[in-house]
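In: predicted model follows, preceded by the sequence.
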Amino acid sequence: MSDTEVEILTARDVPLGGPRAMTVRRTLPQRSRSLIGAWCFADHYGPDRVAESGGMDVAPHPHTGLQTASWLFTGEIEHRDSLGTHALVRPGEINLMTGGHGISHTEVSTPGTTVLHGVQLWVALPGEHRHAPRDFRHHAPAPVRLDGAELRVFLGTLAGDTSPVPTFTPLLGAELLLDPGATVTLGVDPGFEHGLLIDEGTVRLAGTVLEPAELGYVAPGHATLTLTNESGHRARTVLLGGTPFEERIVMWWNFIGRTHQDIVEAREEWERASDRFGHVEGYPGDRLPAPVLPNASLTPRGNPPRT
């Protein structure tokens, strides 16, 4: 795989939610790449000491046209949504929420959490399913041990393990722990494009070295991915993949649509508290107001043409 081209996407710091915002590192979307498969958003946060940072406290807010995938390394988050779901996000367990036509939810780190550390991911829904009904799925994947690595497959299939959580497009999501100095070659779907997000350690993907908070992108056409932990300690990564998402999308605030008008309508309905997004019970505070729309029309975006 030494001839495999790896594009390095670097993170930018972004405040997450409201006046008590915690800072996250965002690698998707970027100007150079909006999606990896249908993965359209990747926030990476921590390890944050909650006593210093205040933890996570995201008031009721809406989503349309997407799914949210929460995956923790340490800590615990309380999730409530307008389906009536009240669930905990724990390390090694995937919570996948489908916004579809409209949903609202809250995310609050629990009182017992001392260190919060994980990723928040979004999946763009294809046009035929972007108004799907609200849904919530939970799965705790069993660890799969390989020579030099351990992985947990939370979406899709890898190393002979398949997640039971259904998706609207072919996807892969997995956490990989690499032993010090280990090299692992994974069989992957050659029709997928992939992104490897580094949490801990220095990892070589093909001939390219990736540092923490960087995401390495590999285009479709490869049946294997080879990872080497260049560190003297365990490395932790998150592997994302999927078939290229050919639709152009408009992504603004917490909404995904296809046109500027889609976003205008979703924002207006959230601001007037329409039934579209339902109501979240049990949060001791106000809803997040929608930001003001820009003066210019929002333009649909996709990935650069493949060469």
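Out: Great, that's in hand.
In: starting at the chain centroid, how far to stretch 130-143?
Out: 13 Å (Cα atoms, centre = their mean, to the nearest Å).
In: what distance do you get for residue 8 to residue 127?
Out: Between residue 8 and residue 127 the distance is 31 Å, computed by Cβ to Cβ, to the nearest Å. Backbone N, C-alpha and C define where each C-beta goes, glycine included.
In: higher neighbour count, the two?
Out: Taking other Cβ atoms under 10 Å, residue 8 and residue 127 do not tie; residue 8 has more neighbours (14 against 11).
In: does that one touch residue 210 like I think?
Out: Yes - under the criterion of Cβ atoms under 8 Å, residue 8 makes contact with residue 210 at 6.7 Å.
In: identify the contacts common to these two.
Out: The contact sets of residue 8 and residue 210 overlap at residue 216 (Cβ atoms under 8 Å, 6 or more residues apart in numbering).
In: ok, residue 136 - contacts?
Out: With contact taken as Cβ under 8 Å, 6+ apart, residue 136 is in contact with 81, 83, 85, 87, 95, 96, 97, 98.
In: how about the residues you listed in CSV, adding secondary structure?
Out: Below are the contacts of residue 136 laid out as CSV (DSSP: H, G, I helix; E, B strand; the rest coil):
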residue, secondary structure
81, strand
83, coil
85, coil
87, strand
95, strand
96, strand
97, strand
98, strand
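In: among these, who's most crowded?
Out: Sorting those by how many neighbours each has (other Cβ under 10 Å) puts residue 81 first, at 27 neighbours.
In: quick one: that one from residue 4, how far?
Out: 40 Å.
In: could you do residue 112 as well?
Out: 43 Å.
In: compare those two (neighbour count), which wins?
Out: residue 4 (17 against 8).
In: what are the phi and psi values at residue 263?
Out: Dihedral angles phi and psi of residue 263 (degrees, to the nearest 10) take the values phi -70, psi -40.
In: neighbours around it, how many?
Out: 23.
In: do the one 5 residues further on as well
Out: Using other Cβ under 10 Å, residue 268 has 13 other residues around it.
In: which residue is the nearest non-sequential neighbour of the residue nearest to the spatial centre of the chain?
Out: Centroid-nearest residue in the chain, with Cα atoms, centre = their mean: residue 121, separated by 1.1 Å. With Cβ to Cβ, 6 or more residues apart in numbering as the criterion, residue 121 has its nearest non-adjacent residue at 4.2 Å, and that residue is residue 69.
In: secondary structure element for the one you found?
Out: Take DSSP states H and E as the rule and residue 69 turns out to sit in strand 66-74.
In: and the contacts of that strand?
Out: 40-41, 46-47, 77, 79, 89-99, 105, 107, 115-125, 154-155, 167-168, 173, 175, 199, 236, 238, 256.
In: which of those count as buried?
Out: Burial by neighbour count, judged by 16 or more other Cβ atoms under 10 Å, picks out 40-41, 46, 77, 79, 89-90, 93-99, 105, 107, 115-125, 154-155, 167-168, 173, 175, 199, 236, 238, 256 from the contacts of strand 66-74.
In: sketch out the low-pLDDT regions of the chain for me.
Out: Along the chain, the model assigns pLDDT under 70 to residues 1-3, 16-21, 306-307.
In: now do the same contact list for residue 230.
Out: Applying Cβ under 8 Å, 6+ apart, we find residue 230 in contact with 181, 201, 202, 203, 204, 209.
In: list buried residues within those.
Out: 201, 202, 203, 204.
In: for this structure, which segments count as helices?
Out: 50-53, 260-271 (DSSP state H).
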